[in-house]
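> sequence and predicted structure are below.
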Amino acid sequence: MPAAPVLDSFALLAFLRGEAGDDKVAALLERAGQRDVPLHMTEVNYAEVKYMVLRKDGAARWADVARDLPTLPVEFHPADRELADVAADFKSRLSLSLADAFAAALARKHKAELVTGDPEFKAVEKEIKINWLV
């Protein structure tokens with residue numbers, strides 16, 4: 001059985017905001033809940049989601065998201081040394097943000113596909129499988 005997918009912040013934000021690709025993320029979340037096999041995301045990407053929601057949508061919207069987030073079948077992974085080493089390797093070689101490098105590192109660690117719509121991940125497409133939202 002293939003590993004559960006990794007979400008980057010683009011994917012979770014699309015779902016939370018009803019943006020392009022939200023239906024694919026919703027389907028992945030539904031399937032993860034039915035199978036009791038959570039999707040994966042790094043705490044670094046969680047931080048990116050939080051600051052984007054706070055900055056663009058405000059504190060009240062973040063309070064709603066923070067209340068609902070624990071109900072989603074998503075396992076959040078800390079940025080431990082092993083993950084940081086892989087993320088640093090990606091970041092040093094490719095044109096990726098640090099948060100994106102952590103998402104790619106988690107996908108590599110779990111041998112999982114990365115769910116995103118962020119074109120920045122084209123740089124890593126030959127190294128990890130990408131499930132493009134748009």
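Okay, I see it.

> ok, residues contacting the one helix or strand residue 31 maps to?
Assessed by DSSP states H and E, residue 31 sits inside helix 22-35. For helix 22-35, the surrounding residues in contact (Cβ atoms under 8 Å, 6 or more residues apart in numbering) are 4-5, 7, 11-12, 14-15, 38-39, 72-74, 115, 131, 133. (C-beta placed from N, C-alpha, C; glycine too.)

> now do the helix or strand that that helix is followed by: which elements does it pack against?
Downstream of helix 22-35, the next assigned helix or strand under DSSP H and E is strand 39-42. Under the contact definition 3 or more Cβ pairs under 8 Å, 6 or more residues apart in numbering; DSSP states H and E, strand 39-42 sits against strand 6-7, helix 22-35, strand 74-77, helix 98-110.

> who wins for proximity to residue 122 among the ones you listed?
The minimum distance between residue 122 and these falls on helix 98-110, with 11.1 Å, by Cβ to Cβ.

> got a list of contacts for that closest one?
3-4, 6-9, 40-42, 44-45, 47-48, 77, 79, 82-84, 86-91, 94, 96, 112-114, 116, 118, 120-121, 124, 127-129.

> got it, and stretch 122-134?
By Cβ under 8 Å, 6+ apart, the residues outside stretch 122-134 that reach it are 5, 10-11, 14, 20-21, 24-25, 90, 94-96, 104, 107-108, 112-117, 121.
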